[in-house]
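1. Just to be clear, the model below is a prediction. Sequence and coordinates:
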Amino acid sequence: MSMPSLLSSTALGALLLVCASPALATPETAPPAGALPAAAPPPQGGQINTAQPDEAGHPPIVVTGRLISGDRDAIVAPVVIGGEDLARRAAAQIGNVLAHVPGVSTSGFAPGASRPVLRGFDGPRVQVLTDGLGSLDASSVSADHGVAIDTLNVEQIDVLHGPEVLLYAADPAGGAVNALDRRIPRRVPDKPVAVNALAAYGTAADAVNLGGAVDLALAPRLAAHFDASYNRAGDVRIGGDVVSDPLRARLRAEAEMLTADGDAAGAANLTAGLDARGRLTNSWARGTSLGAGLAFIDSGGTLGLSVQRLTSDYGIPPRPSPEAPESVSLSVRQTRFDLRGGLNLGGFLERIEARVAYGDYTHAEIHDGEAGTRFFNSAIESRLVLTQARHGGWRGESGLQFSTRNFRIVGEPLLPNSITDRIAGFTRQQLSLGPVDLEGSARLEHVAVQPKGLAARSFNLLAAGAGLAWHPVESVTLSLSATHGERAPTAEELFIDGLHDATQSYERGNPAFRIERSNTVEAGLRFHSDRLAGAFTAYATDFSNFIAPVPTGTRIEGAPVYQYIQLPAKFRGFEAEGSWKALAWDDGRSLSLEGAVDYVHAELTGFGPAPRIPPLRVRGGITFESDRFGANAEAIVHARQDRVTTYETRVDGYTLVNANLTWRPFGKNGALTLILSGENLLDTVGRLATSETRDFVPIAGRDVRLTATLKI
């Protein structure tokens, strides 16, 4: 079905549902698509908040501004980023926004391309969503592709694990990241005009981030939304050498060989790259977005639509080479249309909601100012979700999901053009029996991959999950869950075979790959009191037919060769965080001590350590909070990563020292917030073990950032 016909038919159906409802009375907020009643949003400033109990009587817990327990999922509670914490981490790429969360790292390919890495998983194993639908870009195809999400106008970001992930994908092992925006209004503003704005400046790259949104109450049941954002950053300053010591030693020997062979120019080019320090060449980035939405909102139902135009241009830092330096950058463009319609019902079903999105995405790889390879991705994704009314302690939701992706490449013969279709049915049921919560989820999905000129592949996937949570006392939750997941190989993993200039590597897939299957067990403990709150999670995932690109140690046209392989794998890990309010005054001031730790151990059976796994990370901090002022200082220790796959270089450990000051001139509920933050204050040189480019793309150096938010 074509995009216009699909959108129009869905809009007509949603409109008929809304108009058929007899209840057209007082406007009210509609819940997000595919979500059970949401927990209270996290308060600003990172205070522990137990004032909003859920429908079963279990209060939410907030630690450092992040929800780690709530009524939406008592089994594996989502991590929710919002408020000041989201503003403080303002960045153009969602991977950078989430990199401080326990269990979350970033791919760190380049400052302009940074996907979230969850528990050591990235790419197609981590669903990056906008309001429950895919980002409809090419970010999972390759590490150099940025995510097409306007992070500067996002209201909230959820990090999901466990059975809840089956609402969106048949592979729950990695998890999902869901960014919620306000582009399709969910409520009519209380006043005629509501404004939200953010402005930030950072010194490490002379970075400017600007975002703003206006919500209008056009009529008692009609709301409009407009937003825009702009980001610009120059080449990133770093604390020392660009190239790592292991790579420098190898390339220094290569330069000596070139000199001995009489290639003075090649040796000079290589040496110049080896000696670079202080600034990361060609790491600039800039981007814009414009969006608008309109929604009819009533107690009987809602109907809304939106459009967004996003641009992103960013440089790819070069690997030192005997060839003359070449400037490579990516130019990303996406136009996206979204539609959401819902009807509030009575009886067994509480609500029915439909979501449709169409994305027209393209990016070009620019070489010395000339457009080279171009990637095109036209995609449609839709969801229909039926939410059950609560009956005693039983509630649930079920739905259907469909997507089609037409992916084309013009230029490099990396892989054939292909069409990927997915259709799935899913359900999640929850039952509360006093101090015990039970949950079960299931998803049946069919995936068909049709490459041009080659035999099609199709896969039938069945995934399921179950869990329980026990609340022996109000302040403690013990949880246990198990999930079985299945993932179809992507077109890239099946058919890629070629030199990719932007990643500076040669990649080879395997068209004979089978379904990747995983089994995960996760146990958790969450607790809270007036002064103490925290969470601990341990998990184990076993894969059969795990797909991974591994370096072969060979080179084609000077580029390292990565071969996708499939074999069993084991992932083990844990995450913990907590906050202790050491001092509390009667006027609301408090002083808290905070800590967090996470670790992943990943092994490819019969092969060795899995590639690009983050090391042990430990965080400790202290936070002061009052009505008008906040202050935080923290140290984050990244351990040395010695467990690397063959031909990967080990990554030295490093420690980051960060601090921030927050001033709210008109109080916590005031219109203005000013944040002065410092990242990597010691100007440490560090490298991300999760990055393919870690040997020549270190982390940013000292960055002092001023952020202002305005809500009127």
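-> Happy to help now that I have it.

2. going forward, measure contacts between C-alpha atoms and count neighbours the same way
-> Noted.

3. hmm, which helix or strand of the chain has the shakiest average pLDDT?
-> strand 61-63 (a mean of 35; mean pLDDT, DSSP states H and E).

4. and Val356, that one's in a strand?
-> Yes: checked against DSSP: H, G, I helix; E, B strand; the rest coil, Val356 lies within a strand.

5. quick one: what helix or strand has the residue nearest to it when sequence neighbours are not counted in it?
-> Distances taken as CA to CA, 6 or more residues apart in numbering place Ser382 nearest to Val356, at 4.2 Å, with adjacent residues excluded. Using DSSP states H and E, Ser382 maps to strand 370-388.

6. tell me what the helix or strand following that strand is packed against?
-> Where DSSP H and E defines the elements, the next helix or strand beyond strand 370-388 is strand 394-410. When contacts are defined as 3 or more CA pairs under 8 Å, 6 or more residues apart in numbering; DSSP states H and E, strand 394-410 sits against strand 370-388, strand 418-433.

7. Please tabulate those strands in a markdown table, including the columns mean pLDDT, distance to Asn669 and mean neighbour count.
-> Output for those, formatted as a markdown table (pLDDT from 0 to 100; distance: least, CA to CA, whole Å; neighbours: other CA atoms under 10 Å):
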| stretch | mean pLDDT | distance to Asn669 | mean neighbour count |
| --- | --- | --- | --- |
| strand 370-388 | 94 | 33 | 21 |
| strand 418-433 | 96 | 35 | 20 |
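
8. right, and the ones you listed - which one's nearest Asp627?
-> Smallest distance to Asp627 across those (CA to CA): 37.2 Å, for strand 418-433.

9. Run me through the strand neighbours of that closest one, direction for each.
-> strand 394-410 (antiparallel), strand 436-451 (antiparallel) (DSSP bridges).

10. and the helices and strands packed on strand 394-410 as TSV, adding distance to Gly300?
-> TSV is the format used below for the helices and strands packed on strand 394-410 (distance: least, CA to CA, whole Å):
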stretch	distance to Gly300
strand 370-388	15
strand 418-433	24
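
11. closest one to Thr684 among those?
-> Closest of the helices and strands packed on strand 394-410 to Thr684 is strand 370-388, at 35.7 Å (criterion: CA to CA).

12. How about the contacts made by the closest residue to Ser398 other than its chain neighbours?
-> Spatial nearest neighbour of Ser398, excluding adjacent residues (CA to CA, 6+ apart): Thr427 at 4.0 Å. By CA atoms under 8 Å, 6 or more residues apart in numbering, the contact set of Thr427 is 167, 396-399, 441-443.

13. And the helices in the protein?
-> Ranges of helices in the chain, per DSSP state H, are 3-20, 83-88, 94-98, 245-260, 264-274, 491-495.

14. ok, and which of those helices has the densest surroundings?
-> Most buried of these by mean neighbour count (mean count of other CA atoms under 10 Å) is helix 94-98; its value is a mean of 24.

15. Dump it to PDB, restricted to CA.
-> Taking Å, rounded to 0.1, in the frame of the first residue of the first chain, the C-alpha atoms of helix 94-98 are listed here in PDB:
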ATOM      1  CA  ILE A  94      20.700  10.500  21.700                       C
ATOM      2  CA  GLY A  95      23.700   8.200  22.500                       C
ATOM      3  CA  ASN A  96      25.500  11.100  24.200                       C
ATOM      4  CA  VAL A  97      22.300  12.100  26.100                       C
ATOM      5  CA  LEU A  98      22.000   8.600  27.700                       C
END
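
16. elements contacting it?
-> Looks like helix 94-98 contacts strand 104-106, strand 116-118 (3+ CA pairs under 8 Å, 6+ apart).

17. what's the most buried one of the ones you listed?
-> Highest mean neighbour count among these (mean count of other CA under 10 Å): strand 116-118, a mean of 29.

18. Run through the strands of the stretch 451-600 of the chain in chain order.
-> Secondary structure of the stretch 451-600 of the chain (DSSP state E, counting those that start in this stretch): strands at 457-473, 476-487, 497-500, 505-508, 516-528, 532-556, 559-584, 590-604.

19. Gly304 contacts Phe337, doesn't it?
-> No: contact criterion CA atoms under 8 Å: Gly304 and Phe337 do not qualify, at 11.0 Å.

20. Residue ranges in the stretch 601-712 of the chain under the pLDDT threshold?
-> Applying pLDDT under 70 to the stretch 601-712 of the chain picks out no residues at all.

21. cool, the stretch 51-200 of the chain as well?
-> Applying pLDDT under 70 to the stretch 51-200 of the chain picks out residues 51-73.

22. can you put the strands paired with strand 418-433 in TSV and add mean neighbour count?
-> Listed next are those as TSV, based on neighbours: other CA atoms under 10 Å:
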stretch	mean neighbour count
strand 394-410	19
strand 436-451	21
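
23. Is it possible to get JSON lines of these that adds distance to Tyr654 and mean pLDDT?
-> Below are the strands paired with strand 418-433 laid out as JSON lines (distance: least, CA to CA, whole Å; pLDDT from 0 to 100):
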{"stretch": "strand 394-410", "distance to Tyr654": "40", "mean pLDDT": "95"}
{"stretch": "strand 436-451", "distance to Tyr654": "41", "mean pLDDT": "96"}
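
24. measure the closest residue to Asn344 other than its chain neighbours to Glu397 for me?
-> Distances taken as CA to CA, 6+ apart place Arg351 nearest to Asn344, at 4.5 Å, with adjacent residues excluded. Using CA to CA, to the nearest Å, we find Arg351 at a distance of 9 Å from Glu397.

25. swap in Leu384?
-> From Leu384 to Glu397 the distance is 10 Å (CA to CA).

26. so who does Leu583 touch?
-> Residues near Leu583 by CA under 8 Å, 6+ apart: 590-592.

27. swap the cut-off to 10 Å and go again
-> Leu583 makes contact with 531, 589-593, 624, according to CA atoms under 10 Å, 6 or more residues apart in numbering.

28. So among the residues you listed, which ones count as buried?
-> In those, burial by neighbour count holds for 590-593, 624, counting by 16 or more other CA atoms under 10 Å.

29. a markdown table for the strands paired with strand 418-433, including distance to Phe226?
-> What follows is the strands paired with strand 418-433, written out as a markdown table (distance: least, CA to CA, whole Å):
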| stretch | distance to Phe226 |
| --- | --- |
| strand 394-410 | 27 |
| strand 436-451 | 36 |
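
30. what distance separates stretch 335-354 from the centre of its chain?
-> Computed by CA atoms, centre = their mean, to the nearest Å, the chain-centroid distance of stretch 335-354 equals 25 Å.

31. Can you get me the start-to-end distance on that stretch?
-> Stretch 335-354 has an end-to-end distance of 21 Å (criterion: CA to CA).

32. buried residues in it?
-> Along stretch 335-354, these residues count as buried under the neighbour rule (16+ other CA under 10 Å): 335-345, 349-354.

33. Give me the mean pLDDT for it.
-> For stretch 335-354, the mean per-residue pLDDT is 95.

34. Pull the contacting residues for the residue nearest to His161 when sequence neighbours are not counted.
-> Closest residue to His161 apart from its sequence neighbours, by CA to CA, 6+ apart: Gly175 at 4.7 Å. Counting by CA under 10 Å, 6+ apart, Gly175 touches 117-119, 121-122, 125-128, 159-166, 168-169.

35. Next one: Gly175 relative to Ala148, how far apart?
-> Going from Gly175 to Ala148 by CA to CA gives 19 Å.

36. what's the burial count for Val356?
-> A total of 24 residues lie near Val356 under the criterion other CA atoms under 10 Å.

37. Am I right that it is in contact with Leu400?
-> No: Val356 lies out of contact with Leu400 (CA atoms under 10 Å); the separation is 11.8 Å.
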